[in-house]
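> here's my sequence, what's the structure:
(chains A and B)
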Protein chains: 2
Amino acid sequence: MFLKRIASTGEFSPGKMTKQTLAQGESLFAGLNCFEPGQEHALHAHEGQDKMYLVLEGAGEVRVGGTTETLSAGDGAFAAAGVPHSIRNPGPGRLIVMAILAPPPRKG
Amino acid sequence: MFLKRIASTGEFSPGKMTKQTLAQGESLFAGLNCFEPGQEHALHAHEGQDKMYLVLEGAGEVRVGGTTETLSAGDGAFAAAGVPHSIRNPGPGRLIVMAILAPPPRKG
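Here you go, the predicted model:
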């Protein structure tokens, strides 16, 4: 399948950051996370699941383990399984991030 | 780990397309593929391995299964395990693509 102009498909919510699925296979999941200014995905870790962020639009404060950096479009971050990570949009613009997970999240 | 200005780290070879590793965990692999005009990654499939392409710079002709589309920066493609795929840079510019694989390639 093809994904055209990925960032343009991002949908925002005034209440909290959003998650959309872009593609999913048996082993790989790709989604879009959209953040209005001030919204965040709080610190969390995935046991047994690697995660990659790729910033498509805007800028975000990304924490991986004990380090926080400000990432802009064209930057990324990798959190190996078990490593705590978070992302926050300090504003003033919107933030759109591709989130890639392997193995895919299991709905429970 | 953080990956800043990912496309700027791409390295090209006059002989053939290049592959660089960006990040690798137990379950997820992210790399960079760089293509001079006319270079390609010929049609192939990965059994048991999902793959995603994300175009970071330039434009490429991407085939997934029986369909070929021209993708530009900000576009992507997903080839589920076993689905043949290829990518070619028709030029005139350079092409830089992030390739994400799960599970990671096993050297052997």
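> look up how far B:Asn33 lies from A:Gly91.
34 Å (C-beta to C-beta, to the nearest Å). Yep, even glycine has a C-beta here, placed from its N, CA and C like the rest.
> tell me which of the two has more neighbours.
B:Asn33 (21 against 14; other C-beta atoms under 10 Å in any protein chain shown).
> ok, the helix or strand where the more buried one lies near chain A or not?
Element membership of B:Asn33 [criterion: DSSP states H and E] is strand B:29-35. Yes - applying C-beta under 8 Å from any C-beta of the partner chain, one finds strand B:29-35 in contact with chain A at B:Ala30.
> show me what the mean pLDDT comes to for that strand.
Here strand B:29-35 scores 98 as its mean pLDDT.
> the helix or strand that it is followed by: partners in the sheet, and parallel or antiparallel?
Next along the chain after strand B:29-35, taking DSSP H and E as the criterion, comes strand B:40-44. Partners of strand B:40-44 in the sheet, by DSSP bridges, are strand B:85-88 (antiparallel).
> got the contact list for the partner strand?
Contact with strand B:85-88 is made by B:33, B:35, B:39-45, B:51, B:53, B:60-65, B:77, B:79, B:95, B:97, as judged by C-beta atoms under 8 Å, 6 or more residues apart in numbering or on different chains.
> quick one: residues in contact with stretch A:100-108.
A:24-31, A:46, A:48-54, B:25, B:27-28, B:30, B:52, B:100, B:102-103.
> give the buried residues for it.
For stretch A:100-108, the neighbour count (16 or more other C-beta atoms under 10 Å in any protein chain shown) marks A:100-104 as buried.
> likewise for stretch A:28-41?
Neighbour-count burial for stretch A:28-41, counted by 16+ other C-beta under 10 Å, picks out A:28-36, A:39-41.
> only alpha carbons, please: show it as CSV.
The C-alpha coordinates for stretch A:28-41 follow below in CSV (Å, rounded to 0.1, in the frame of the first residue of the first chain):
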residue,chain,number,x,y,z
LEU,A,28,5.4,-3.8,12.1
PHE,A,29,3.0,-1.0,13.0
ALA,A,30,3.1,2.6,11.7
GLY,A,31,0.9,5.3,13.0
LEU,A,32,0.5,9.0,13.2
ASN,A,33,0.5,11.0,16.5
CYS,A,34,-0.8,14.6,16.3
PHE,A,35,-0.3,17.1,19.1
GLU,A,36,-1.8,20.5,19.6
PRO,A,37,0.4,23.0,21.5
GLY,A,38,0.8,21.8,25.1
GLN,A,39,-0.4,18.2,24.4
GLU,A,40,1.9,15.3,25.2
HIS,A,41,2.3,11.6,25.4
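> distance between that stretch and the chain's centre?
In terms of C-alpha atoms, centre = their mean, to the nearest Å, the centre of stretch A:28-41 is found 5 Å from the chain centre.
> and stretch A:58-65, by the same measure?
9 Å.
> CA atoms only for it, dumped as CSV, please.
Once non-C-alpha atoms are left out, stretch A:58-65 reads as follows in CSV (Å, rounded to 0.1, in the frame of the first residue of the first chain):
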residue,chain,number,x,y,z
GLY,A,58,6.5,21.0,13.8
ALA,A,59,8.8,20.5,16.8
GLY,A,60,8.6,18.4,20.0
GLU,A,61,10.4,17.8,23.2
VAL,A,62,11.3,14.1,23.1
ARG,A,63,12.6,12.2,26.1
VAL,A,64,14.3,8.8,25.6
GLY,A,65,15.7,7.3,28.8
